[in-house]
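> what's the 3D shape of this:
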Amino acid sequence: MLYWCMSYDDLNKNGYRNIKIPKYLLSLIKKSILLNINYKFKKNFKSYKFFNKHLKTISNKEFIKKFGPKVLRNIDSKCAEKINLWVKKNVPKKINFNKASLNMITKLECSENEYLKKDQFCAFYRIVRKNKKDVGHPHKDSSFMKLGIVRKAKFKPKSVWKCWIPLIGVNNQNTLNMIKSSHKDNINIEYVKKNGATKPKVPENYIKINSHRIVKPIKHDGSEGVLFHPDTVHFANVNKTTDFRISIEFNIFVK
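The predicted structure is shown next:
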């Protein structure tokens, strides 16, 4: 069962809402990510503890090569299907829509990563090392659409939402920040280059002026995720407190 911590009115007002994530799904996702990590390194890390020891030995160049592009961080098709079934069953009635689904990976993504299967659902993880610049700029997910990045589901959506779930090593210092009600603001988005790719960026002055509106919906990993509007400004701080932070995120198409 999926428990919602705020009402639909709160979601419209704030631009985000917390959700309780079933333990079975969290367990499946963690196993899926470790499976993908083992595939990348041709290793057999039996736990994240063993992976952490190896993570500390690799160069920044190798880390970016393994975990930089999002297409290399997609989980396997079976786990993505389980996430989609959970979304399909629980999300629509909670946000006043009739249908919900994860988007599909593209043909190009499938050709760039042999780990992926044709027409599988898309859910990707992120690893943030301690004291490394593994986090992006403050941004709105809707800004990626202006870059010509097209995502498709098995139906034409009326809107697209995002779900972020912290899994390992997340605490109050390195969790995801949201600017409350920022989905209602008119913001002039900047575009910058990072690791050879163009990325959207919310101006620093906007963040400074609205610092009093910054909230941390989730204080730690283990039980909750956050669902948010595509125009909600969000960002993460450099991880200064844990050896690494792992989270998973995915788009939710609704109609």
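
> where are the low-confidence patches of the stretch 151-255 of the chain?
Applying pLDDT under 70 to the stretch 151-255 of the chain flags the ranges 195-196.

> I'd say residue 103 and residue 251 touch.
Yes: counting by Cβ atoms under 8 Å, residue 103 touches residue 251, with 4.9 Å between them. Heads up, the C-betas are built off the backbone N, CA and C, glycines and all.

> all strands for the protein, in order.
16-20, 100-101, 124-129, 159-168, 176-179, 190-194, 197-201, 214-215, 224-228, 234-236, 244-254 (DSSP state E).

> quick one: which of the ones you listed is nearest residue 30?
Closest to residue 30 of the strands of the chain, according to Cβ to Cβ: strand 159-168, at 5.8 Å.

> one step back: among the strands of the chain, which is nearest residue 62?
With respect to residue 62, and counting by Cβ to Cβ, the nearest of these is strand 124-129 at 11.9 Å.

> can I get the closest one in PDB? Just the C-alpha atoms.
Provided in PDB are the C-alpha atoms of strand 124-129 (Å, rounded to 0.1, in the frame of the first residue of the first chain):
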ATOM      1  CA  PHE A 124      18.100   5.600 -13.200                       C
ATOM      2  CA  TYR A 125      20.200   5.900 -10.100                       C
ATOM      3  CA  ARG A 126      22.800   8.400  -9.000                       C
ATOM      4  CA  ILE A 127      25.900   7.900  -6.900                       C
ATOM      5  CA  VAL A 128      27.300  11.000  -5.100                       C
ATOM      6  CA  ARG A 129      30.800  10.500  -3.500                       C
END
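
> picking that back up, and for residue 103 and residue 251, which residues touch both?
122, 151, 160 (Cβ atoms under 8 Å, 6 or more residues apart in numbering).

> between those residues, which has the most around it?
Neighbour tally across the shared contacts of residue 103 and residue 251 (other Cβ atoms under 10 Å): the maximum, 24 neighbours, falls on residue 122.

> just to revisit the earlier point, mind putting the shared contacts of residue 103 and residue 251 in a markdown table, distance to residue 66 included?
A markdown table is the format used below for these (distance: Cβ to Cβ, whole Å):
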| residue | distance to residue 66 |
| --- | --- |
| 122 | 19 |
| 151 | 23 |
| 160 | 28 |
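
> and the helices in the chain?
8-14, 23-41, 48-55, 60-67, 77-90, 107-112, 204-209 (DSSP state H).

> deepest in the core, which of those helices is it.
helix 77-90 (a mean of 18; mean count of other Cβ atoms under 10 Å).

> state the phi and psi torsions of residue 157.
Dihedral angles of residue 157 (phi, psi; degrees, to the nearest 10) stand at phi -80, psi 160.

> and it, how many neighbours?
19.

> could you pull up the residues touching the nearest residue to it once chain neighbours are set aside?
Once flanking residues are discounted, residue 157 sits nearest to residue 253: 3.8 Å by Cβ to Cβ, 6 or more residues apart in numbering. Residue 253 sits next to 100, 101, 102, 103, 151, 153, 155, 157, 159, 160 when contact means Cβ under 8 Å, 6+ apart.

> for residue 253, name its beta-bridge partners.
residue 101, residue 160 (DSSP bridges).

> list the contacts for residue 110?
Shown in contact with residue 110 (Cβ under 8 Å, 6+ apart): 116, 117, 118.

> and residue 22, how far is that from residue 82?
Counting by Cβ to Cβ, to the nearest Å, the separation of residue 22 from residue 82 is 10 Å.

> out of the contacts of residue 110, which is most surrounded?
Most crowded among the contacts of residue 110, counting by other Cβ under 10 Å, is residue 116 at 21 neighbours.

> quick one: that one and residue 75 touch, right?
No: Residue 116 is not in contact with residue 75 according to Cβ under 8 Å; the separation is 9.5 Å.

> quick one: contacts for residue 16?
Applying Cβ under 8 Å, 6+ apart to residue 16 gives the contacts 178, 180, 217, 226, 227, 228, 229, 232.

> bridging residues for it?
residue 228.
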